[in-house]
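Participant: Below is the sequence, then the predicted model.
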Amino acid sequence: GGQQGWRGESRGSPQQLAERYADLAASHSEALRQREEREWHNARLRQENARLRLENRRLRRENRCLFRQALLGPGPDKPPADPGEEAEALRAQLGRLQEKHRRALRHLRRCRAAGGPEASGAEDGELDELLLEEDEQP
């Protein structure tokens, strides 16, 4: 038999050369299969990445919406979690409305005293009642 050479030197027998060729062909086929598998896996990862990006955007929008809701407080159709908080919020709102009412009555009183147009549009009896109620409150 011949000697097996290095770097493609054909010193081996035809059977050894055929075995080497078959080994190289199998290695090449395996490398191609692994390459196709990697490409398929990478394509699947790109699809998953795109899906996760969309999900991430949706969650960011949802977070912004929830953050705004937390800042603005519950809507009219959603009761607050704590009845004590609701009562406190209503007391604060009542105080603001009472203060607006007092300012409006003072403005109307000044307009009436000056004979301005704001007082002429209101019914005199109703305005008198409002002014009397405001005077009677502590």
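Facilitator: Nice, I can see it.

Participant: and this structure, what are its domains?
Facilitator: Under the assignment the TED database, the domains of the chain span 12-74, 83-137.

Participant: TSV for the ones you listed, including mean neighbour count and mean pLDDT?
Facilitator: (C-beta placed from N, C-alpha, C; glycine too.) Output for the domains of the chain, formatted as TSV (neighbours: other Cβ atoms under 10 Å; pLDDT from 0 to 100):
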stretch	mean neighbour count	mean pLDDT
domain 12-74	10	92
domain 83-137	12	76
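
Participant: From the contact counts, what lies against the helix or strand harbouring residue 50?
Facilitator: Assigned by DSSP states H and E, residue 50 belongs to helix 14-72. Packed against helix 14-72, as judged by 3 or more Cβ pairs under 8 Å, 6 or more residues apart in numbering; DSSP states H and E, are no other helices or strands.

Participant: Past that helix, which element shows up next along the chain?
Facilitator: Heading C-terminal from helix 14-72, the first helix or strand you meet, by DSSP H and E, is helix 83-114.

Participant: Can you list the helices and strands that that following helix packs against?
Facilitator: Looks like helix 83-114 contacts helix 117-120, helix 124-136 (3+ Cβ pairs under 8 Å, 6+ apart).

Participant: run the last query once more with 6 Å
Facilitator: When contacts are defined as 3 or more Cβ pairs under 6 Å, 6 or more residues apart in numbering; DSSP states H and E, helix 83-114 sits against helix 117-120.
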